[in-house]
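Student: Okay, structure incoming, though there's no sequence with it:
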Ligand SMILES: Nc1ncnc2c1ncn2[C@@H]1O[C@H](COP(=O)(O)OP(=O)(O)OP(=O)(O)O)[C@@H](O)[C@H]1O
Ligand SMILES: Nc1ncnc2c1ncn2[C@@H]1O[C@H](COP(=O)(O)OP(=O)(O)OP(=O)(O)O)[C@@H](O)[C@H]1O
Ligand SMILES: O[C@@H]1[C@@H](O)[C@H](O)OC[C@H]1O
Ligand SMILES: [Mg+2]
Ligand SMILES: [Mg+2]
């Protein structure tokens, strides 16, 4: 219990709100609560390429840390490097964008459950019948493929639901809005939109095209929640991919380093609550234990807070405030 | 009996422009055959066809009795045709030796080109033909235009050609080098090679050509045995009119007022201690052997590179640190640069854009250019200088060499600067236009311009300049006027130390 | 006649654009609806405005890789400083335009005064700006765009998108600058040959700096306007504009090596790229197939403007005519 | 127009007033300057970290730089010709994808597919070369299009990162002979290749064509031939980069290639190659790639707080390039 653990967080990309919140939350969670003073956390950002992350990891490995936490540029391509780290006796935890290397833990949201619940919700909104657009995320990204597959698998159970268009939302507002706008021009009717991103871009595209607002699935960013709450006639469900996955990864690393029993499975799933405009009224039959909160201004949607804030904000074992998460 | 080279009814069009309408030429092995014609007559187009760089639209050519229609320069070279191109074909980033042997380098067993082998081969080649001194390992980028022309000649000779084409190969060469090339051409012909020789200097043609073919407007208008024809006839064939004389009468128009005053002027290690006054109304020639500071003088005056000493323009001290500072309107200086392709012209841009680049302000009103005013300036220059072009919008790079030079001259005239620095301004220009340019120079002098004039052709200095300043080793060796201003006088001053004063 | 020849590449780029539009409307008739044309024009305008600066820089023989983060920085700083209010825009917008211009000027000085290769200079400035924004905002998530900006980006006046009006004004000014101003002449000269420009008394340093300055200005403007489209700024919003701005210029007929091109061509380039990106989702193809189609369409579109294709078709036509005359 | 595009390099060159002995030094500046830059960066790096002057460091840094070096080798050849090749992004992606999906645990099979991948890379280059010459299109546009087509093909074959590489293949990637990693050996072979290639007729012709296209044509260089050769070499090296990359990643990655496009140009330009063709060489490019890699190491050992990292790496790059540009300028000016 003498020296703090030396832990590196290797992040392959800083260019969006989620990643920044993730880093801020990581830093906050080693400054207070049970981990205060126990971790010497260093964050290494690289400019988005696999090669840069490999090089950065090599540098990290050479400085012999106790643990490395990785938000990875690739699920596969870092494996040989990660194996090297494990062989050097370093605890390796991949989180968020995880890796397949078996020696590393993989801590992530449940990418099977989230799209399943979202799609099931959509089907119930449409009463099992209608035409939908599906967001394919980012070409080549594993999570995108998982989400798309999750959506399609559930929708396939409803013969009345037809996927009439795909677009690549790329987890950014502009492409989402432009992609939906194009599809709207091509398709006179649409009854629902399953996004992988903000949802607010899809709603804005509907408004710009003068269409009626149809049910939308998205992820729980503040802008999504407030847009859904404030837009007349909007129906939404938001899955959550908490930015505090980083805190959870730190906690896991410390527990392992402390000699606590290791998790049985290298795969660790973190489940956040869902938010829905009809939360409380609707439950998932596929995942009956899924908590679905109702979207309410002031409770889980804050018009005066940054739109890019990811919800939920705090893990259970340490209290992180919205201000701390938003930084600034 | 057919000659070694027979070209019949060769035609080449570029869109609507007819470069060659119907060109015929017949030449024997072992002769020097001159190809003459005014600027834009189609000479270079014709030799580019021979050299495989351009394909004719129609017509037939036979070489040594065989049909000859090269699909590429490579094919022409394989057939034994080598050319010194008017525009040169050197690679600036390769050395002299690499250029000379480019595409047919001697290879080592590993398939590589060894610098030492190449340099030795070049030295051997240069020695064989008594080349002027040029180091084989220098990068061509760093050579003067005259040196490049010499290297280009070496490059053609390295192929041991059956047909050697020299397209204005002497245009930038000083007297000594010109003499050398003439001798070389003769001896190569004597050894059985056909030499096709293009030049606007009739004296050279007379000195070496066995036969002459004259082009006008893309068509062959005459062919002669050289001895059987006089200059007047040739010129009349070229121009389609008679020309009374090349050089205008030289009337002294100097007012005595100093337009450009130099005291202790110098530039780097190549030029120093120049005290010289260029007067209003005067054409002051500059001469010297190659590399004795003439280029440096012109460039330093124009604000290129560092200069020392004092400069006055129209009596006022001036510090000219850039061409922009030099080109300061009527009281400034304008330059016709040595290297037209690198420093004078934007080849891809139109004649119009080139002509007016230095004087955009002259036709700008309220921040906008006035196309009509610009057009008027451009048309005036095209007319004055007889620039042969399809339209003012024709890209400068598609003009004939002489016409490119005219555009540069016109561009300088438009600046309205009254001190003109003319570095070999008539290079590549045909006799007809040359005469007009000399007349123009004298007229400008009479109007109060002051002209500093270098020419690689000594005769021009002798006939056009009021005085000639001779440089030797970067210093002023003499200023010649009156009877001293002769080719002989200039050469003597350029070579021999003066008696101690 | 002559002008037709000179501007054939541009005419053909527009032809390609129209063909693409027709193709699109065959795939989905809704694409020719007023609403979609409007939204296409709006999206094209963002590319068009960024590519305005890129056009000037490329004509001058350079390239500007700093546009993504000049754009992004202006967007983020504007939304943060305005905090959703119109009032502060009065000073924030001019301030940020000047700041964008300043960044451009720094690029220009690095290139023209110190001789740093443009690619490296602007790449480094881009990275520095990216980090600078993170440090400056502490990574704070961004705020909502003020209504006035949203009006500029997606609003309409008498049915016309406001941004289209803005774009037309910009296009007129840019075209005048390029074709009718001394600066334009100097720019083409510097891009054609720095040495010839110097010998001709062109102020090469000032010209180059001005081109980059304009590019910084344009990117900042585009960034602020873009927040009006998505209603907020977000990190990474500038990234797609790097290659598209360069590609728009190239498709518009400019040589990447400088000395040629004009803004009318760039506009066609921006429209081609936008229509194409709009068309792709409607094709219902896999991600991979989309990229293949994208590449093929770009190739076909630019081939239309290719000289030798035109020459080939021309000679074909001539040959046929010749045959006819002979028989 | 082709004719008019000629002379590019020469026309850009500033007036060259008076050559002298110092000229030689200035002529070498394009390579001396990155060398000085690298030396300086390594010196700073070594003062901050132990064991910089060891074989381990060399092995690690070379492995880290080698994919970029290979990609940049092709790019260098194209830049020397006065072109640019964006399609290497697609070729690299496709190469890794093919390797990861086709290689089996049988060496003969791996050799076969290695050859196929290399041939595909070269063929892509042939297509680029033909399109650029026949349609007289800008290399930027042609290779932008082929980049997209190849990336799409890679995504069709393998929609997300995956596949696998045989154990012996991976063992080669992390292998070590006489204390030197396979990367160092490969680099040595590459340098040998370059020393040979730059003196071949083709090597000279590529450089010459970039220096002055018109002159090269008049001297007998075939425009089609030179473009095919140039871009085929670029494609070939991109394929090699892909193959080496798989030894480091152990997977196929359909989007990984784009990460090498801009850096490959940057490495070459830092190494002294002009985008206008004709000047510079691979040694400069290799140094450029090392500089980019060392900057990453430096930023790591400087232990800079996360948001500052990109700023610092950008500033280091800028200062280094700025310093060298100024040095070169003043050297050229003092040449009188
Ligand atoms: N690529 C081209 N495009 C258009 N016109 C061309 C092209 N090349 C040559 N021409 C035209 O063909 C004509 C003949 O030019 P050419 O260069 O053969 O003349 P020349 O007799 O060599 O003249 P000079 O004595 O000035 O060198 C000129 O009018 C020229 O403008
Ligand atoms: N300066 C140059 N640099 C590189 N290639 C050139 C240059 N000039 C011409 N070429 C190429 O050389 C080939 C032959 O050129 P040439 O001008 O002789 O063509 P041509 O005989 O008129 O026939 P075509 O019209 O079919 O090109 C062409 O393919 C052209 O692309
Ligand atoms: O997991 C994702 C994260 O990696 C990305 O950066 O932002 C969106 C998140 O859903
Ligand atoms: Mg000629
Ligand atoms: Mg032709």
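Tutor: Done, it's in. As the structure is a prediction and not an experimental result, all values here were calculated from the model. Ligands and ions are numbered 1, 2, ... in the order given.
Student: So for residue 282, what pLDDT did the model give?
Tutor: Answering for chain A, as no chain was given. In this model, residue A:282 is scored at 94, pLDDT.
Student: The intended chain is chain D.
Tutor: For residue D:282, the model assigns a pLDDT of 95.
Student: how deep is residue B:463 tucked in, by neighbour count?
Tutor: Look at residue B:463: counted by other CB atoms under 10 Å in any protein chain shown, it has 18 neighbours. In this view, the C-beta of every residue, glycine as well, is placed from N, C-alpha and C.
Student: Phi first, then psi, for it.
Tutor: Main-chain dihedrals, residue B:463, degrees, to the nearest 10: phi -90, psi -20.
Student: these two touch, right, it and residue B:250?
Tutor: Yes - between residue B:463 and residue B:250 there is a contact at 7.1 Å, judged by CB atoms under 8 Å.
Student: At the geometric centre of chain A, which residue do we find?
Tutor: The residue lying closest to the centre of chain A (CA atoms, centre = their mean) is residue A:241, at 3.0 Å.
Student: Report the contact partners of it.
Tutor: By CB atoms under 8 Å, 6 or more residues apart in numbering or on different chains, the contact set of residue A:241 is A:18, A:96, A:109, A:114, A:219, A:220, A:272, A:310.
Student: Repeat the analysis, applying 6 Å as the threshold.
Tutor: Residues near residue A:241 by CB atoms under 6 Å, 6 or more residues apart in numbering or on different chains: residue A:109.
Student: and chain B, which residues reach ligand 4?
Tutor: Taking CB under 5 Å from the ion as the criterion, chain B approaches ligand 4 at residues B:44, B:86, B:400, B:401.
Student: Can you classify residue B:220 by secondary structure?
Tutor: Counting by DSSP: H, G, I helix; E, B strand; the rest coil, the backbone at residue B:220 sits in strand.
Student: so what's it scoring on pLDDT?
Tutor: 96.
Student: That one bridge partners, please.
Tutor: Residue B:220 forms beta bridges with residue B:215, as assigned by DSSP bridges.
Student: wouldn't it be in contact with residue B:23 here?
Tutor: Yes - applying CB atoms under 6 Å as the test, residue B:220 and residue B:23 come out as touching, 5.4 Å apart.
Student: Looking at the residues of chain B next to ligand 4, point me to the pair that's furthest apart.
Tutor: Among these, the pair separated by the greatest distance (CB to CB) is B:86 and B:400, at 8.5 Å.
Student: picking up where we left off before, how close does the residue nearest to the centre of chain A get to ligand 3?
Tutor: According to CB to the nearest ligand atom, to the nearest Å, residue A:241 and ligand 3 sit 4 Å apart.
Student: and if you look at residue A:15?
Tutor: Distance, residue A:15 to ligand 3, using CB to the nearest ligand atom: 8 Å.
Student: Pull the number of nearby residues for that residue.
Tutor: By the criterion of other CB under 10 Å, residue A:15 has 23 neighbours.
Student: Any regions of the stretch 51-200 of chain A where pLDDT drops low?
Tutor: For the stretch 51-200 of chain A, no stretch is flagged by pLDDT under 70.
Student: pretty sure residue A:37 belongs to a helix, no?
Tutor: No - per three-state DSSP, residue A:37 lies outside any helix segment and is coil.
Student: Count the neighbours of the nearest residue to it once chain neighbours are set aside for me.
Tutor: With sequence-adjacent residues excluded and distances taken as CB to CB, 6 or more residues apart in numbering or on different chains, residue A:37 is closest to residue A:4, at 6.3 Å. Residue A:4 is flanked by 16 other residues according to other CB under 10 Å.
Student: Also residue B:137?
Tutor: Residue B:137 has 15 nearby residues by other CB under 10 Å.
Student: Please give me every residue in contact with it.
Tutor: With CB under 6 Å, 6+ apart as the criterion, the residues that contact residue B:137 are B:95, B:119.
Student: Kindly report the same for residue A:160.
Tutor: A:128, A:129 are the contacts of residue A:160 under CB under 6 Å, 6+ apart.
Student: Then residue C:262?
Tutor: Going by CB under 6 Å, 6+ apart, residue C:262 touches residue C:178.
Student: so is residue B:119 in a helix, a strand, or just coil?
Tutor: helix.
Student: Remind me which helix or strand the most centrally placed residue in chain D belongs to.
Tutor: Chain D has residue D:72 as the residue nearest its centroid, 0.6 Å off, counting by CA atoms, centre = their mean. Assigned by DSSP states H and E, residue D:72 falls within helix D:55-80.
Student: can that helix be found next to chain B?
Tutor: No - between helix D:55-80 and chain B, judged by CB under 6 Å from any CB of the partner chain, nothing touches; the nearest distance is 9.5 Å.
Student: just checking, what packs against the following helix or strand past that helix?
Tutor: Per DSSP H and E, the first helix or strand lying C-terminal to helix D:55-80 is helix D:88-102. Secondary-structure packing of helix D:88-102 (3 or more CB pairs under 6 Å, 6 or more residues apart in numbering or on different chains; DSSP states H and E): helix D:107-134, helix D:139-157, helix D:223-249.
Student: at 8 Å what do you get?
Tutor: Counting contacts by 3 or more CB pairs under 8 Å, 6 or more residues apart in numbering or on different chains; DSSP states H and E, helix D:88-102 is packed against helix D:55-80, helix D:107-134, helix D:139-157, helix D:223-249, helix D:261-270.
Student: Within range of chain B, give me the residues from chain A.
Tutor: Residues of chain A lying close to chain B (CB under 8 Å from any CB of the partner chain): none.
Student: the helices in the stretch 51-200 of chain B, which residues?
Tutor: If DSSP state H, counting those that start in this stretch is used as the criterion, the helices of the stretch 51-200 of chain B fall at B:73-78, B:96-100, B:115-128, B:145-157, B:175-190.
Student: Can you give me the neighbour number for residue A:259?
Tutor: Other residues close to residue A:259 by other CB under 10 Å number 7.
Student: now do residue C:61
Tutor: Here the number of neighbours of residue C:61 (other CB under 10 Å) works out to 28.
Student: That one: what's it in contact with?
Tutor: Contact partners of residue C:61, counting by CB under 8 Å, 6+ apart, are C:190, C:191, C:192, C:194, C:257, C:258, C:259, D:12.
Student: can you confirm it is in a strand?
Tutor: No - applying three-state DSSP, one finds residue C:61 to be coil, outside a strand.
Student: roughly how far apart are it and residue C:211?
Tutor: According to CB to CB, to the nearest Å, residue C:61 stands 9 Å off from residue C:211.
Student: and what of residue B:28?
Tutor: 58 Å.
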